[in-house]
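**Q** Predicted model follows, preceded by the sequence.
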Amino acid sequence: MPYENISATVSDQAMGEIKGAIALIQDHLPFLITLTPDERRKRFKMGDKSLAFVRNSVTATQNNPDIVPSTFDIAEFNRDYHLTVALSEVLGLLEQLTETVDDTLLAVGSESMASSLLVYDYAKTAARHSPGLKSVADQLGERFKALGKRRSKASDAAA
């Protein structure tokens, strides 16, 4: 769908149902784990070619079980393969959803920031005539204080 100005809401009921759906997914995948960065580095990565290799290996053990020693658990190997296929499908669906949520968040966040900048400009202008609004303008201006310090340091370094 082409991007246009986003004007939408998520009701409390819908948010509850979304959280429930995510919880349901987690309930159906209680075996999910978290790896450390080091553990991730040490693992084989599963791309399409690797998945095809594993599928062919599964077929080879099914058609020729005598090629592996009796200590090799063919049933566990099959379970691992089928779980890999299922999780790959789940991940693909979640990645599609994540991408659209992320893009929408970026767009609507940008819209919110652009509107906030206008409000800040309005507040600064109004504060010149209504002293009670100075604190509002100052509060909004907090967002840019660190930016001003970085600009001064960059100017000092350039000089």
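**A** Nice, thanks for sending it over. Everything numeric here is computed off the predicted structure, so don't read it as measured data.
**Q** The top helix by length along the chain packs against which elements?
**A** Using DSSP state H to define each element, the chain has its longest helix at helix 74-129. In terms of contacts (3 or more C-beta pairs under 8 Å, 6 or more residues apart in numbering; DSSP states H and E), helix 74-129 is packed against helix 48-63, helix 134-158. Every residue, glycine included, has its C-beta placed from N, CA and C.
**Q** least reliable of the ones you listed going by mean pLDDT?
**A** Ranked by mean pLDDT, the helices and strands packed on helix 74-129 bottom out at helix 134-158, which scores a mean of 75.
**Q** picking that back up, which one of the helices and strands packed on helix 74-129 lies nearest to Ala8?
**A** helix 134-158 (25.0 Å; C-beta to C-beta).
**Q** So Gly92 versus Leu51, what's the distance?
**A** 12 Å (C-beta to C-beta, to the nearest Å).
**Q** Then Glu17?
**A** Glu17 sits at a distance of 33 Å from Leu51 (criterion: C-beta to C-beta).
**Q** on that earlier part again, to Thr9, which of the helices and strands packed on helix 74-129 lies closest?
**A** Of all the helices and strands packed on helix 74-129, helix 134-158 sits nearest to Thr9, with 24.1 Å by C-beta to C-beta.
**Q** mind checking pLDDT for Met46?
**A** 88.
**Q** Near it, how many other residues are there?
**A** 13 (other C-beta atoms under 10 Å).
**Q** Grab the nearest non-local neighbour of it.
**A** Computed as C-beta to C-beta, 6 or more residues apart in numbering, the closest residue to Met46 that is not its neighbour in sequence is Thr84, at 6.4 Å.
**Q** follow-up on the earlier one: export the helices and strands packed on helix 74-129 to CSV and append columns for mean neighbour count and distance to Ala75.
**A** Supplementary listing: the helices and strands packed on helix 74-129 in CSV, determined by neighbours: other C-beta atoms under 10 Å; distance: least, C-beta to C-beta, whole Å:
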stretch, mean neighbour count, distance to Ala75
helix 48-63, 12, 10
helix 134-158, 11, 59
